[in-house]
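>>> Any chance you could fold what I've pasted below:
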Amino acid sequence: MVSLAYHVKTMGIPKAYFEELIKGVEMDLFNNRYVTFDELSLYCYRVASVVGLICLHIFGVTSARAQDYAVALGMAFQLTNILRDVGTDATERRIYLPLEDLQKWNYPEKALLNRSYSPEFCALMEYEASRAHHYYKRADAALKGLSPLERRALTVAEIMRGIYSRILDRIERSNYQVFGQRISLTTTQRLIIALRIWLRSRFS
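This is a model prediction of the structure:
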């Protein structure tokens, strides 16, 4: 905490970001369901988007458009994680998918907790995946509005976007088979993505 305090001070990271992050982690102590997407959005913002906003101060890019990028990307990352971990969370009696969406697609809570794979489940997951894509697109639009110098400073975030968007693609191509082995990328695949994006940021 002493080391963190030094960097918070020297990099001018707002205290409010850390308070929001703690509130987000605290939500997991009391919530294992989210009724609406608005409720889930607050959770995603606190545990993921706020981390992005903190990182902007480390990267040295804090413009309003960069903040839009960080918030959208954090939402996309967290939604991707939620989709990938539906099965794992179910074993712990946790459901992060909005209950209103389960009802919309006629997929009961009990079915999810029993890890039941069905056409209704696939329709639900496809709907949630479209939400993740929406936030990836919003992040991309915000990135394109930044200067070349700002975009280069966000190379690490772009590498993460490349990895997470590939994971989302794998979830979709598996037809949402998330109740078995955890969908992931190999170290080699991650390194290839990272190298490609790094080279593009340096020579574009």
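>>> quick one: contacts for the residue sitting nearest the centre point of the chain?
Ranked by distance to the mean C-alpha position of the chain (CA atoms, centre = their mean), the top residue is Phe77 at 1.5 Å. Residues counted as contacts of Phe77 (CB atoms under 8 Å, 6 or more residues apart in numbering) are Ala48, Met160, Tyr164. Glycine gets a C-beta too; all of them are placed from N, C-alpha and C.
>>> Give me the packing partners of the host helix or strand of the last one, helices and strands only.
So that's Tyr164. Under the criterion of DSSP states H and E, Tyr164 resides in helix 155-173. Where contact means 3 or more CB pairs under 8 Å, 6 or more residues apart in numbering; DSSP states H and E, helix 155-173 is packed against helix 50-59, helix 64-84, helix 119-144, helix 187-203.
>>> from the chain's centre, how far out does that helix sit?
10 Å (CA atoms, centre = their mean, to the nearest Å).
>>> following the helix-or-strand element of the chain with minimal mean pLDDT, which helix or strand shows up next?
Every helix and strand of the chain was ranked by mean pLDDT, DSSP states H and E. The lowest is helix 2-11, at a mean of 91. Using DSSP H and E, the helix or strand that directly follows helix 2-11 along the chain is helix 15-30.
>>> Report the mean confidence score over the next helix or strand after that next one.
The helix or strand immediately downstream of helix 15-30 is helix 37-44, counting by DSSP H and E. On average, the pLDDT along helix 37-44 is 97.
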